[in-house]
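>>> What follows is a protein structure lacking sequence information:
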Ligand SMILES: Cc1ncc(COP(=O)(O)O)c(C=O)c1O
């Protein structure tokens with residue numbers, strides 16, 4: 001039978017406790033949300049919602065074409081100018097997702113004959129960028145600038161190093177300054193994904209790259225998603241104008257993709273302006289993450305110290321992680337559950353995300369539930 005192998009795979013996944021299913025979320029969910037990436041609590045902020053609605057009224061439901069044809073509106077241009085200015089880069093290019101932004105950056109900057117040195121803990125979209133790029137990829141140990149330097153030293157010709165700034169599984173930060181040092185020593189470019197840093201780290205939420213003093217450097221390119229702190233949808237590549245011009249001309253996920261929907265661009269722009277006006281939000285989300293970590297650790301749970309908003313708690317097995325998350329849900333708390341193949345080291349985890357709009361009572365309740373239903 002056609003596709004018969006799919007059933008065998010599904011069965012193997014079920015036996016290993018790795019089957020995934022979708023759970024539609026109602027608009028008025030009563031669950032306390034520590035699973036989403038809405039770090040600043042902006043996705044439903046009235047100004048962000050109006051940013052989306054107003055943009056849809058003005059520009060319509062879709063961008064109507066690829067960015068190089070009809071899909072670049074004045075709204076896209078404004079969003080790019082303000083994102084570049086906020087994050088401290090010369091130029092920005094907005095794409096339809098963070099995933100597409102990473103594919104664009106890696107494929108355009110890792111041409112045939114080049115070396116791409118990639119951290120073993122990088123996000124799937126950077127990994128897929130490596131798979132699509134014409135350059136050769138060398139995967140190095142997690143957060144290991146010396147291994148990056150060694151790989152770069154052994155290569156003649158063009159090279160880039162790739163890293164998340166904050167890793168999505170454990171929420172730990174990359175050693176950006178040392179990575180930049182290794183790249184500079186070997187005249188390589190540094191390409192980093194600031195998906196979890198934008199809006200959380202750096203002055204007023206300008207991101208991990210800004211915090212490391214690397215924003216605007218001629219040899220540094222950053223990507224980010226508009227779907228986490230900015231509560232919208234879409235992705236961005238930030239870098240020198242000549243790099244952005246190169247992407248406009250060569251990045252296939254930019255050229256052959258319909259432009260970001262105006263509603264998403266409008267929402268992201270409204271969120272960015274709000275973030276500028278309310279710079280205390282990033283500090284609050286970091287404080288919430290630190291408090292969650294401290295309280296979970298005090299309860300004896302194996303929580304990793306968060307460098308940004310993600311608090312990861314180790315579970316004994318995939319099955320135990322799934323049951324733990326389900327038991328939390330039954331008690332009114334929504335938490336993330338990471339299992340293989342989403343975790344590079346094979347260790348399953350609960351993934352709690354801090355939000356700037358969580359109250360002390362919310363934090364207290366979250367810790368109480370996670371602790372009460374922990375696996376024995
Ligand atoms: C580190 C990282 N990079 C990229 C992405 C992809 O961004 P998007 O959801 O906008 O496609 C994500 C998650 O969504 C992520 O966690």
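The structure has been received and is ready for your questions. Remember, predicted model here, so these are calculated numbers, not experimental data. Numbers count the residues shown, from 1 in each chain.

>>> Can you tell me the SS state at residue 168?
At residue 168 the chain is in coil, as set by DSSP: H, G, I helix; E, B strand; the rest coil.

>>> now it, nearest residue through space, not along the chain?
In space, and not counting its chain neighbours, residue 168 is closest to residue 123: 5.6 Å by C-beta to C-beta, 6 or more residues apart in numbering. Just so you know, the C-beta spots here come from the backbone N, C-alpha and C atoms, and that holds for glycine as well.

>>> measure the one you found to residue 271 for me?
21 Å (C-beta to C-beta, to the nearest Å).

>>> roughly how far out does the host helix or strand of residue 321 sit from the chain middle?
Assigned by DSSP states H and E, residue 321 belongs to helix 318-330. Distance of helix 318-330 from its chain centroid, counting by C-alpha atoms, centre = their mean, to the nearest Å, is 24 Å.

>>> and it, which residues are buried?
318, 320-325, 327-329 (16 or more other C-beta atoms under 10 Å).

>>> In TSV, list these along with distance to the ligand.
Formatted as TSV, the buried residues of helix 318-330 follow (distance: C-beta to the nearest ligand atom, whole Å):
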residue	distance to the ligand
318	20
320	24
321	18
322	21
323	25
324	22
325	18
327	25
328	21
329	21
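
>>> How about the closest residue to the ligand within the stretch 201-350 of the chain, nearest residue that isn't a chain neighbour?
Among all residues of the stretch 201-350 of the chain, residue 225 sits closest to the ligand, at 3.4 Å; criterion: C-beta to the nearest ligand atom. Residue nearest to residue 225 in three dimensions, not counting chain neighbours: residue 98, with 2.9 Å by C-beta to C-beta, 6+ apart.

>>> do residue 348 as well
Nearest residue to residue 348, sequence neighbours excluded (C-beta to C-beta, 6+ apart): residue 321, at 3.8 Å.

>>> Could you do residue 62 as well?
Residue 62 sits nearest to residue 261 (C-beta to C-beta, 6+ apart), 5.6 Å away.

>>> Just give the number of residues close to the one you found.
22 (other C-beta atoms under 10 Å).

>>> for it, what are its contacts?
Counting by C-beta atoms under 8 Å, 6 or more residues apart in numbering, residue 261 makes contact with 56, 61-63, 96, 233.

>>> From the residues you listed, pick the one nearest residue 218.
Nearest to residue 218 out of these is residue 96 (C-beta to C-beta; 27.2 Å).

>>> burial count for the closest one?
Residues near residue 96, counting by other C-beta under 10 Å: 23.

>>> so what's it up against?
Each residue near residue 96 by C-beta under 8 Å, 6+ apart is listed here: 234-235, 257-261.

>>> same question, residue 228
Contacts of residue 228 by C-beta under 8 Å, 6+ apart are 37-39, 195-196, 198-199.

>>> got the residues of the stretch 1-150 of the chain near the ligand?
97-99, 102, 123, 125 (C-beta under 6 Å from any ligand atom).

>>> Show me the two of these that sit farthest apart.
97 and 123 (12.2 Å).

>>> The two - which one has more neighbours?
residue 123 (24 against 19).

>>> Could I get the contacting residues of the more buried one?
Taking C-beta under 8 Å, 6+ apart as the test, what residue 123 contacts is 102, 164, 167-168, 193, 195.
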